[in-house]
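[1] A predicted structure for the sequence below; I have some questions about it.
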Amino acid sequence: MSDERPLLMARFLGSFRVTVDDVAVDTASRRRTRQLLAYLLANRRAPAHRDVLADTFWPDATPAAARNNLHVTLSHLRRALRDAHPAAVIERRYDTYRIGGAVTVWTDLEQFAAYRSEGARAERRGDACAAIRAYEAAGQLYEGEFLTDQPYADWAVPLREALRLDMIDVQGRLIERHLERGAPGTATILARRLLEIDPCNEGVHRQLMACYAAAGQRHLALSQYHRLVEVLWTRLRVTPSARTTEYFRQLCHPRHDRGARLAS
């Protein structure tokens, strides 16, 4: 039997967008309504207690005022959801709230995690093609940082940073797989893009050095090391690791054999 429940789709990576059966939910009119919906969807696997919600969104208010603010915000949120679809999306049980079973939920967060896990499984069984497909699909979902349009939502900060690191890991693995398959051009493009996001990532600098070396552009690989030295010292007042410096020395050797494998 097919699932006839309405489909709620939530996108967090980039700007926050929610639809129910392709009808957009108004997440722009009220800031607190938008943040509460984002919180409930991002944490939908467990019910959220009333006091936790009150403390998260109104930490400086008295308990009574915070609970009243929560009640008002929930009322606005339910109205915004009903305007998109009559299904009862928010479920209350005693003093807890959650996204209920009246809707089927898809989120880009969960899909990103699924693609990442799929890629890791493919790597473990030695299927590079499947790993590349999964990691590329994960990268396509990552349109921007978690809740880019809500930069001051304190509760979102740990998840935003965790997802950023996950994205860097996915892209790094994708670079490595392309290098292994003899596609340094594609790997180079990915490494350059990743360094725009995370310019102090020494591992990615090392991968880019390997990309250049694999493409027979040893002079660019050596130049990349010097760029790394500069950015690490300018931003962090540190020098490259012994591992990276040793790789640079091997690249300097005239008999060096492209050295892409040393980047991992």
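    Right, received. Where do you want to start?

[2] Packing partners of the helix or strand hosting Y135?
    Secondary structure assigned from DSSP states H and E places Y135 in helix 128-141. Applying 3 or more Cβ pairs under 8 Å, 6 or more residues apart in numbering; DSSP states H and E, one finds that helix 128-141 makes contact with helix 108-124, helix 157-180. The C-beta positions use only the backbone N, C-alpha and C, and glycine is treated the same way.

[3] Show me the residue at the heart of the chain, geometrically.
    Centroid-nearest residue in the chain, with Cα atoms, centre = their mean: L163, separated by 3.5 Å.

[4] For it, give its distance to T245.
    Applying Cβ to Cβ, to the nearest Å, the value for L163 to T245 is 31 Å.

[5] Any idea what A10 is bridged to?
    Beta-bridge partners for A10, by DSSP bridges, are V18, T107.

[6] Surely it touches V18?
    Yes. A10 is within contact range of V18, at 4.9 Å (criterion: Cβ atoms under 8 Å).

[7] Need the residues touching each of these two.
    L41 (Cβ atoms under 8 Å, 6 or more residues apart in numbering).

[8] what's the residue nearest to E145 when sequence neighbours are not counted in contact with, if anything?
    Excluding its sequence neighbours, the residue lying closest to E145 (Cβ to Cβ, 6 or more residues apart in numbering) is R160, at 5.6 Å. Each residue near R160 by Cβ under 8 Å, 6+ apart is listed here: 145-147.

[9] Including distance to E91, secondary structure and neighbour count, could those residues go into CSV?
    Shown next, in CSV, are the contacts of R160 (distance: Cβ to Cβ, whole Å; DSSP: H, G, I helix; E, B strand; the rest coil; neighbours: other Cβ atoms under 10 Å):
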residue, distance to E91, secondary structure, neighbour count
E145, 29, coil, 17
F146, 24, strand, 26
L147, 23, coil, 24
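
[10] Pick the one among those closest to A122.
    Set against A122, the nearest of these by Cβ to Cβ is F146 (25.1 Å).

[11] Please name the bridge partners of that closest one.
    L13.

[12] That one and M167, how far apart?
    On the measure of Cβ to Cβ, F146 and M167 end up 10 Å apart.

[13] what's the following helix or strand after the host helix or strand of S223?
    Take DSSP H and E as the rule and S223 turns out to sit in helix 218-236. Scanning forward in sequence from helix 218-236 by DSSP H and E, the next helix or strand is helix 242-252.

[14] Specify the angle between that following helix and helix 218-236 in degrees.
    If you take axes from the mean of the first three to the mean of the last three Cα atoms, to 10 degrees, helix 242-252 sits at 150 degrees to helix 218-236.
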